[in-house]
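[1] Following is a predicted model, sequence given first.
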Amino acid sequence: MPPPDLAAGLRARLIGVVRRTFNDQDKGEKPVQRSDDALFPRGSVTWRVHGDVTTMMVGGVASLLLQMLHPAVLAGVWDHSAFRKDMLGRLRRTARFIAETTYAERSIAEASIAKVREVHERVAGTLPDGTPYRADDPELLAWVHVTEMWSFLSAWQRYGVPITRAEEDIYFAETARTAEALGTDPIPRSKAEAEALIAAMRPQLVVDARTRAVARFVLEHP
């Protein structure tokens, strides 16, 4: 265990690197400014959990790996995303969406949600077995949402300052607001509901060659 001063210094340096990485300076991007008119109020559990860049990085990678276990979610990314050519760009867009919908002024958050919904409306295809899929399918959105919130919260509980079980339930209840705006259904509004949703989705999850390929790519391109 490093001395407290050294650990604090390393953490501050890591935060600086992450902020520079996730804000495209060539495009003039700056960190999202925290607003008193955000979708979530100051002091909310969501502000606390989403406010630590290191735990959000850990949770973000974990959620991506979980999401890819669903064949339709994997197909949407594989067929329509440029992640293999622009992994950093995809991570930046996802991180900025979370930041804007958590902290930015309400109109910015709502515009970000509307943009994602517009993208989802254009993403559709067919699985290898002939089953059609759409990115705006409420059930697929539910899997993406629950894996993200579950992973962000788990990373916070492991590497941040742990919160109580009651606060965990509040976190899921708060973040349901964004899920609802995206057209998600069902939406977990407590930790127990999140656990039940993950259990219900397990029979649909698959590990195949494409899943392994995405996992290798993500883990080899941190």
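    Ah, there it is.
[2] In the sheet, which residues pair with Ala124? Tell me.
    Arg134 (DSSP bridges).
[3] ok, it - contacts?
    Contact partners of Ala124, counting by C-beta atoms under 8 Å, 6 or more residues apart in numbering, are Pro132, Tyr133, Arg134, Ala135. Backbone N, C-alpha and C define where each C-beta goes, glycine included.
[4] so how many other residues sit close to the third one?
    The one in question is Arg134. Burial of Arg134 is recorded as 16 neighbouring residues (other C-beta atoms under 10 Å).
[5] same thing with the last one?
    Summarising burial for Ala135: neighbours were counted as other C-beta under 10 Å, giving 22.
[6] related to what we said a few turns ago, need the contacts of Ala124 in TSV (columns: distance to Thr54 and pLDDT).
    Listed next are the contacts of Ala124 as TSV, based on distance: C-beta to C-beta, whole Å; pLDDT from 0 to 100:
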residue	distance to Thr54	pLDDT
Pro132	39	96
Tyr133	34	95
Arg134	34	96
Ala135	29	96
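[7] Could I get those in TSV, plus columns for distance to Ser112?
    As requested, the contacts of Ala124 are exported to TSV (distance: C-beta to C-beta, whole Å):
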residue	distance to Ser112
Pro132	28
Tyr133	24
Arg134	21
Ala135	16
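[8] Pro71: which of these is nearest?
    Taking C-beta to C-beta as the measure, Pro71 lies nearest Tyr133 of the contacts of Ala124, at 8.1 Å.
[9] That closest one and Arg117, how far apart?
    Here the criterion is C-beta to C-beta, to the nearest Å. By it, Tyr133 lies 17 Å from Arg117.
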